[in-house]
Structures are given as structure tokens and as C-alpha cells.
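Participant: The sequence isn't on hand, but the structure is:
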């Protein structure tokens with residue numbers, strides 16, 4: 001099939017008002033909105049369908065979780081709580097952490113002076129010795145329920161982190177022998193968690209101890225900051241009949257000390273509401289959230305894992321919350337108490353597109369809001385026309401005055417060793433913004449965020465590109481995350497530079513901008529040196545072969561996720577296959593996201609068996625009991641990127657073609673997907689039965705060009721939303737091209753077939769253990 005022009009791919013027939021920059025989706029993309037379902041419309045999944053897959057995915061605990069990697073977790077993008085046994089004690093810890101709580105001493109860098117700060121935790125201390133538990137994290141309601149059994153009786157527990165008031169509410173109903181149970185708050189030392197892993201910078205010290213007391217009838221722990229400002233934990237317990245409910249809020253303020261009053265006011269408001277009253281709006285939000293898309297696969301373990309990642313993402317991310325730091329809102333001991341931009345952020349947010357959850361897109365919002373801070377992060381000679389993002393920042397995208405990598409990683413300058421010249425991170429982050437544009441076709445994203453920031457990010461490279469003796473344009477030495485060593489013509493940067501120039505040219509044409517830099521972008525594409533390769537495939541760069549175990553796929557970004565190289569020719573395919581095999585063939589330093597990257601690359605090549613194999617290795621080697629993940633500390637991006645790998649097996653829409661079921665393993669004979677969001681702003685629904693694709697339906701939200709590789713063998717029927725035949729043309733390679741206006745739909749079936757268009761879960765091939773700690 002001829003590859004459509006990028007201009008055609010990027011073009012849209014209309015603009016979606018508001019969309020991602022407004023933090024939401026158009027009305028027709030909201031699954032909770034009733035829609036007509038004529039004969040050719042996929043029936044929205046019944047409430048029972050969502051209940052079935054979500055209840056099946058609930059995590060259960062029948063053994064005591066002893067660490068954050070084993071226990072339940074609750075969150076709303078800001079306030080987070082991880083729950084497990086207090087080490088060495090007859091008590092249950094409810095951590096209290098908040099994604100906005102950080103220090104404000106930029107002179108010590110993002111990893112110390114601007115680091116996220118630990119808040120503390122409550123312990124639930126029973127009267128008797130704990131003898132057992134039976135807990136369930138109910139995904140559908142985002143609520144922990146169950147019992148804790150002691151030798152004196154039982155404690156029946158319900159817990160939620162609410163959306164509306166942002167409180168942790170824990171209701172406990174004790175039996176007679178446990179009526180004397182207690183809650184105790186333990187404030188944490190207010191110091192960067194990195195201090196436990198790296199030497200403390202000269203002059204740096206922790207903040208003063210927290211001050212506990214009572215204010216306006218509410219208990220408070222006030223943590224003053226040396227920089228000025230404060231963060232405050234406020235709580236109150238309320239008894240109604242046999243039930244005792246703990247209400248907790250955290251507030252942060254800088255430079256003023258206003259957090260105490262806000263936290264106290266919130267807790268006082270919350271305690272007026274019984275637990276069930278708080279739960280009404282909380283549950284309604286979560287039910288509507290899940291109804292925006294549906295996916296069911298015949299692998300019970302993977303299906304459960306997938307829905308848990310959707311729960312986890314909405315617990316950790318919201319558009320107006322800080323971009324997820326390495327462990328989301330749940331801060332545990334870690335050497336990485338910041339936001340990481342050389343892979344982590346990008347992987348954290350990929351799944352929001354296909355799953356139809358652009359309301360969680362903090363990346364587009366933050367890059368647009370804090371672009372001036374990125375200017376300040378550049379070396380002075382480049383601030384007028386260039387942008388980059390440091391490897392590590394706080395929630396305002398500031399790295400601060402780090403004087404060493406131990407304190408934070410700046411942007412660096414190509415050709416100079418210090419700071420490390422890791423300069424491609426902003427361009428890669430802007431690829432996420434481009435994905436948000438492509439999945440919504442919202443021109444505001446393109447005009448207001450992507451184009452102006454990408455123009456400056458690429459301009460930074462243009463300062464350093466120089467012609468070599470071969471007549472090609474070359475880059476001086478830069479750094480490829482996280483291989484070690486600087487190299488000329490670094491593939492990480494060449495690949496991002498290439499994607500950036502193509503995207504700028506296409507975007508300028510779409511926006512009607514006659515940009516003075518366009519000739520330079522074209523020159524880069526025409527004269528850029530070839531990506532360095534050797535007999536093993538892609539090198540790190542011209543000076544460094546790929547010769548050791550390396551977890552990161554920074555040298556292969558042109559393959560994934562940029563899709564600049566996709567195996568269109570035999571030589572290109574051979575290069576990808578050779579490079580992939582060489583990369584994953586080095587054991588020793590491989591980590592979890594190595595296998596999610598390998599799974600997605602395999603899916604690109606249509607190798608569903610390999611993709612499933614890599615996901616299996618991820619699950620068996622790296623994913624923890626509660627689906628969290630750890631290296632030297634907790635990091636959240638890998639499980640979330642595994643959900644994207646599953647997306648890549650189910651649907652791909654790069655290059656202007658929607659590919660339905662492009663990389664399914666043979667054992668996945670049945671599969672259902674509904675309202676999967678694709679590039680071009682289409683909502684895809686499709687059903688596979690007995691190894692055959694029965695039907696494919698697309699709804700156009702923007703009137704963008706529509707080409708779909710439907711996977712239905714033989715002659716087909718294509719009908720509109722009223723059942724009338726739709727004209728289409730053969731686009732080659734199993735794809736067809738259909739003209740759809742905004743709001744139109746197309747149903748593709750085998751000729752003469754009139755399948756049931758119901759959306760229901762598929763039956764699992766085999767039983768599987770639940771996530772959590774079941775017996």
C-alpha cells in the first residue's frame with residue numbers, strides 16, 4: 001500500500017472545540033453520553049459488561065502485604081495512599097503523600113532542592129494481634145474494602161481517596177473487642193529521599209521537624225519549609241453509630257503559609273458528609289471514566305493487568321495535576337524524587353490515547369504552561385531561539401541550579417561534556433503532544449503548543465549541525481540515554497531531529513505558516529547523515545557501537561515510537577529485526593521497559609507471538625504483586641507502557657492507516673474492543689470471533705482522511721450509520737479508503753454478513769490467579 005503523504009495524514013476536515021487543551025473530550029467521545037444504535041452501530045457495552053471485566057480485575061489480599069509493591073493503593077492524581085503492614089509492628093500503614101508537595105530551594109537542584117518531599121503516614125493500630133485479612137481493591141469504585149481479623153475481633157474497612165474534596169476517607173466498623181483501636185499519625189522527615197542514596201550537597205539540610213497540634217477542632221501536622229511556605233496534613237475522626245471514619249487532607253503553599261487554613265477547612269467540610277455520601281460523586285466519576293472505552297482479551301492475567309493500569313493511571317494522573325513523577329503520587333524511598341524526561345514521562349502517558357482518556361493529559365498542559373521555565377534552563381547564548389528540557393525537573397519543569405548530576409541533570413550543550421549533553425528529551429516529550437493532537441485533531445494543540453515549542457527544540461540542534469567532508473550534515477557529540485559516553489551523530493538525536501523537521505514542515509503547511517526556517521528543515525531531511533549502523537544493527541552513534549547490555553531503546557526511536565522506520569523494504573526490515581535481536585540479546589542490564597519496548601516493536605512487525613512472549617517475560621520477571629514495578633526505587637512507567645504494548649497488538653494507526661488487530665498471537669482467537677481512539681480522531685469498535693474478524697466500525701470525530709486495514713478476508717460490505725452502502729476504494733495491502741465527514745460512521749463486514757454488534761467480554765482461554773496476594 002502506498003504510504004500517504006504526511007500532509008494528508010495531519011490534515012483535518014474540522015477542529016474539535018476545546019478538546020485536550022480544555023482538559024476534556026468532545027461530547028460524542030464521552031461513553032457515558034447515550035447514543036443511538038441503529039442496525040449498523042455497535043451497541044455500547046452494557047453496564048454488566050463493564051462490571052464483569054472490572055470486578056474480575058479486582059486485586060485481592062488474603063495475605064498481609066508488607067511493602068508498597070505488594071499492597072493496595074488509592075489516589076486522585078494529587079493525594080495518594082499506599083497501604084501495607086507497618087514494618088515490624090502489629091499495625092497497618094496508610095501512607096499519605098501528595099504530588100504537589102515539594103521543596104523550593106532551586107540552588108540545590110531538582111533532586112535535592114526541588115525534590116518531592118515525604119509527608120508521613122497513619123497507622124491503624126488494632127487492640128488485638130492481627131491473625132488474618134481479606135481485602136479487595138474494587139476497581140470499579142476505586143475503593144478498598146474488607147476485613148482485618150485479630151485475636152480480639154474484626155475491623156471492617158472501607159477506604160477511598162475522593163475526587164471532589166481530595167480527602168482520604170477510611171471508615172472502620174469494629175467488633176466489640178476492637179472498639180478501642182486507634183489511629184496514629186507519623187510525620188516523615190522533610191528531606192529529599194535522594195539523601196538516603198547519594199551524598200548531600202554542601203549546605204543542604206532537611207527542613208525543620210513538623211509541628212503537631214489542633215486548630216479549629218481539627219488535628220494538624222504543620223511542616224515548615226526553610227524556603228518559606230509549608231505543607232500541612234489535617235485530619236479528624238467522626239463516629240456515626242458503630243462506624244468511625246477518618247478524614248485526611250494535605251495542602252501545600254509557597255511562599256505563603258496558607259496551607260493550614262485550607263487543609264483544615266477541607267477536613268471540616270468533609271466530616272459533615274458520611275462516608276457513603278462522599279462515595280456518591282466519587283463512584284460516579286470512576287464509572288464514567290471506565291465507560292470511555294472497552295477492551296477484552298482471552299488472556300485473563302493480561303486483561304486484569306490492563307484494567308488495573310487504567311485504574312492506576314487515573315489514580316496517578318489528571319490534566320491539572322503535576323506531570324507524573326517517577327512513582328506517581330505515591331512517594332516511597334527513592335533516589336529519583338523528581339519528574340524524569342528521558343523516557344519515564346513519555347512512557348507514562350502513551351496509554352491515554354488509545355484508551356480514550358485525553359482528560360489525563362498533563363504533558364500537553366504542562367509544556368504549554370511552563371514554557372518560559374524551559375527557556376531559563378537553556379545556556380544563555382541559546383535562550384532567544386532554542387528550547388530543551390532537563391532530564392530531571394520539578395512539577396514546574398525547573399531543574400534549578402544543580403552543579404552536578406547528583407543534584408539534577410541539565411540540558412547540556414552538544415560537543416561539551418558538562419553538563420551531560422542529553423538534548424533530545426524535549427523533542428521526544430513533544431512527540432507525546434503530537435500524539436494528543438493526532439488522536440483528537442485539535443488544531444489548538446498544534447498551533448499553541450506543538451509547533452512553537454518544537455520549532456525552538458529543533459532550532460537548538462540547528463546551531464550545531466555542520467557539514468562534513470562527505471557533504472552530509474553531522475551533529476557533534478551528544479548523549480544517548482542511558483548508555484554512557486558521548487558520541488558524534490548520536491542516533492537518539494538524529495532520529496528525533498528527523499522526526500521534528502518532518503513534523504514542523506507538515507504542521508506549518510497545515511497551519512498556513514510560511515516559516516523562514518522551512519528551507520533549513522528541508523535541507524536537514526535531504527542532507528542529514530545516515531543513522532550509524534554496523535553489522536549488529538543500529539549503533540549508539542558514530543563513535544560508540546551497541547556492545548553491552550542496555551535497558552533503554554534510545555538508539556532505536558526511529559522504529560518505535562516514532563515509526564519513521566517500519567520495515568517498508570527488505571533491507572529496512574532486516575535492519576530492524578537485527579537491531580532488536582541484538583538489543584534484547586544482552587542480559588545483565590535489561591529492565592522491565594526493555595520488554596515493553598520489544599513487545600511494541602514486535603507488534604509493529606506483525607509478530608504477535610513475539611509481542612506476547614516479551615509481555616510474558618515482563619510479567620514473570622519484573623511486575624510485582626500489585627502490578628507496580630521497581631528498580632533501585634519505585635518507578636511507575638513500565639507497567640503503564642505495557643498497557644500501550646497491548647494497544648499496539650490490538651490496533652496501530654501510524655502513517656495515516658488504522659490497522660485492526662495487527663499483531664495478535666494465534667491463541668487470541670476472540671477479542672473485543674470498543675471506542676478505541678486512533679490517530680485521525682476515530683473511535684474504533686471491532687470484534688474477533690474464532691480467529692476471524694467479524695466486523696469493524698469507525699466513528700469520525702473530525703472528518704479526517706480514513707484508511708483502514710480491516711483484516712476481513714474476501715469481499716466486504718461497507719455501510720453507514722443508517723445501514724446504507726458506503727463508497728470506498730481499495731488502498732492496497734488489505735486496506736480501504738473511506739470518506740467520512742465529522743460525525744459519520746462506517747461499518748465493515750464480510751459481504752452479506754450481518755453479525756451481532758453487541759460488545760461483550762470474551763471468555764478467557766484459561767483461569768489465572770488474581771493480582772494482589774491471594775491465597
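Facilitator: Cool, the structure landed. Since this is a predicted model, take the numbers as computed values, not measurements.
Participant: What count of nearby residues applies to the residue lying closest to residue 179 once chain neighbours are set aside?
Facilitator: Nearest residue to residue 179 in three dimensions, chain neighbours excluded: residue 127, at 7.7 Å (CB to CB, 6 or more residues apart in numbering). Yep, even glycine has a C-beta here, placed from its N, CA and C like the rest. Using other CB atoms under 10 Å, residue 127 is surrounded by 18 other residues.
Participant: Distance of residue 127 relative to residue 236?
Facilitator: Per CB to CB, to the nearest Å, residue 127 is found 22 Å from residue 236.
Participant: Kindly report the same for residue 367.
Facilitator: According to CB to CB, residue 367 stands 39 Å off from residue 236.
Participant: Could you do residue 99 as well?
Facilitator: 23 Å.
Participant: Those two: which is more packed in?
Facilitator: Here residue 99 and residue 236 are compared on neighbour count by other CB under 10 Å; more neighbours surround residue 99, at 29 against 20.
Participant: Correct me if wrong: the more buried one contacts residue 320.
Facilitator: No - the pair residue 99 / residue 320 is not scored as a contact, 11.1 Å apart, by CB atoms under 8 Å.
Participant: shouldn't residue 630 be in contact with residue 624?
Facilitator: Yes - in terms of CB under 8 Å, residue 630 counts as a neighbour of residue 624; the distance is 6.7 Å.
Participant: Overlap in contacts, the two.
Facilitator: Residues touching both residue 630 and residue 624 by CB atoms under 8 Å, 6 or more residues apart in numbering: residue 69.
Participant: higher neighbour count, those two?
Facilitator: Taking other CB under 10 Å, residue 630 and residue 624 do not tie; residue 630 has more neighbours (19 against 15).
Participant: and the closest residue to the more buried one other than its chain neighbours, what does it touch?
Facilitator: Distances taken as CB to CB, 6+ apart put residue 69 closest to residue 630, at 5.9 Å, once the chain neighbours are dropped. Applying CB under 8 Å, 6+ apart to residue 69 gives the contacts 624-626, 628, 630, 634.
Participant: which residues in the stretch 451-600 of the chain form helices?
Facilitator: Secondary structure of the stretch 451-600 of the chain (DSSP state H, counting those that start in this stretch): helices at 451-462, 491-511, 518-527, 570-584, 592-604.
Participant: pretty sure residue 643 is touching residue 312, no?
Facilitator: No - assessed by CB under 8 Å, residue 643 is found out of contact with residue 312, at 9.1 Å.
Participant: Name the nearest of the contacts of residue 69 relative to residue 550.
Facilitator: residue 630 (19.2 Å; CB to CB).
Participant: Phi and psi next, for that closest one.
Facilitator: When read as degrees, to the nearest 10, the backbone of residue 630 gives phi -140, psi 150.
Participant: how near is it to residue 447?
Facilitator: Distance from residue 630 to residue 447, by CB to CB: 40 Å.
Participant: cool, residue 51 as well?
Facilitator: Separation of residue 51 from residue 447 (CB to CB): 41 Å.
Participant: ok, those two, which is more surrounded?
Facilitator: residue 447 (18 against 15).
Participant: Now do the same contact list for that one.
Facilitator: residue 511.
Participant: Which pLDDT value does the model give it?
Facilitator: In this model, residue 447 is scored at 98, pLDDT.
Participant: before we move on, what SS does it have?
Facilitator: Secondary structure, DSSP: H, G, I helix; E, B strand; the rest coil: residue 447 is helix.
Participant: pretty sure residue 661 is in contact with residue 709, am I right?
Facilitator: No - the criterion here is CB under 8 Å, and residue 661 misses it with residue 709 at 9.3 Å.
Participant: In contact with the residue nearest to residue 179: list those residues for me.
Facilitator: So residue 127 contacts 150, 152-153, 177-181 (CB under 8 Å, 6+ apart).
Participant: mind running it again at 6 Å?
Facilitator: By CB atoms under 6 Å, 6 or more residues apart in numbering, the contact list for residue 127 reads 152, 178, 180-181.
Participant: tell me the contacts of residue 327?
Facilitator: Here residue 327 is in contact with 634, 636 (criterion: CB under 6 Å, 6+ apart).
Participant: on that earlier part again, how about a markdown table for the contacts of residue 69, with distance to residue 699 and secondary structure added?
Facilitator: Below are those laid out as a markdown table (distance: CB to CB, whole Å; DSSP: H, G, I helix; E, B strand; the rest coil):
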| residue | distance to residue 699 | secondary structure |
| --- | --- | --- |
| 624 | 38 | coil |
| 625 | 39 | coil |
| 626 | 35 | coil |
| 628 | 35 | coil |
| 630 | 40 | strand |
| 634 | 39 | strand |
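Participant: The residues you listed: which two are farthest apart?
Facilitator: So, the contacts of residue 69 by CB to CB: farthest apart are 625 and 634, at 13.4 Å.
Participant: which one of those two has more residues nearby?
Facilitator: In this view residue 625 and residue 634 are compared by other CB under 10 Å, and residue 634 has more residues nearby, 22 against 17.
Participant: didn't the more buried one look like it was pressed against residue 332?
Facilitator: Yes - between residue 634 and residue 332 there is a contact at 5.0 Å, judged by CB atoms under 6 Å.
Participant: where in the stretch 1-150 of the chain is pLDDT low?
Facilitator: For the stretch 1-150 of the chain, applying pLDDT under 70 flags the ranges 1-43.
Participant: ok, now with 50
Facilitator: Segments of the stretch 1-150 of the chain classed as low confidence (criterion: pLDDT under 50) are 1-5, 8, 12-38.
Participant: any idea where the helices of it begin and end?
Facilitator: According to DSSP H, counting those that start in this stretch, the helices that the stretch 1-150 of the chain contains are 6-10, 47-57.
Participant: Packing partners of the longest one?
Facilitator: In this case it means helix 47-57. Applying 3 or more CB pairs under 6 Å, 6 or more residues apart in numbering; DSSP states H and E, one finds that helix 47-57 contacts helix 300-316.
Participant: what pairs with the next helix-or-strand element following the helix it packs on, and is each one parallel or antiparallel?
Facilitator: Counting by DSSP states H and E, the next helix or strand C-terminal to helix 300-316 is strand 339-340. The pairing partners recorded for strand 339-340 under DSSP bridges are strand 392-393 (antiparallel).
Participant: Next, the angle from whatever helix or strand comes next after the strand it pairs with to helix 491-511.
Facilitator: Note on strand 392-393: by DSSP H and E, the next helix or strand toward the C-terminus is helix 425-440. Note on geometry: by axes from the mean of the first three to the mean of the last three CA atoms, to 10 degrees, helix 425-440 and helix 491-511 are set 40 degrees apart in direction.
Participant: how many degrees apart are helix 425-440 and helix 451-462 in direction?
Facilitator: The directions of helix 425-440 and helix 451-462 differ by 150 degrees, with the same axes, to 10 degrees as the criterion.
Participant: contacting residues around helix 425-440?
Facilitator: Residues from elsewhere that reach helix 425-440 (CB under 6 Å, 6+ apart): 16, 19-20, 341-342, 346, 349, 353, 361, 363-364, 387-389, 445-446, 449-450, 453-454, 457, 496, 500, 677, 679, 681.
Participant: and it, how far from the chain's centre?
Facilitator: 13 Å (CA atoms, centre = their mean, to the nearest Å).
Participant: By mean pLDDT, which helix or strand of this structure comes out lowest?
Facilitator: Ranked by mean pLDDT, DSSP states H and E, the weakest helix or strand in the chain is helix 6-10, scoring a mean of 52.
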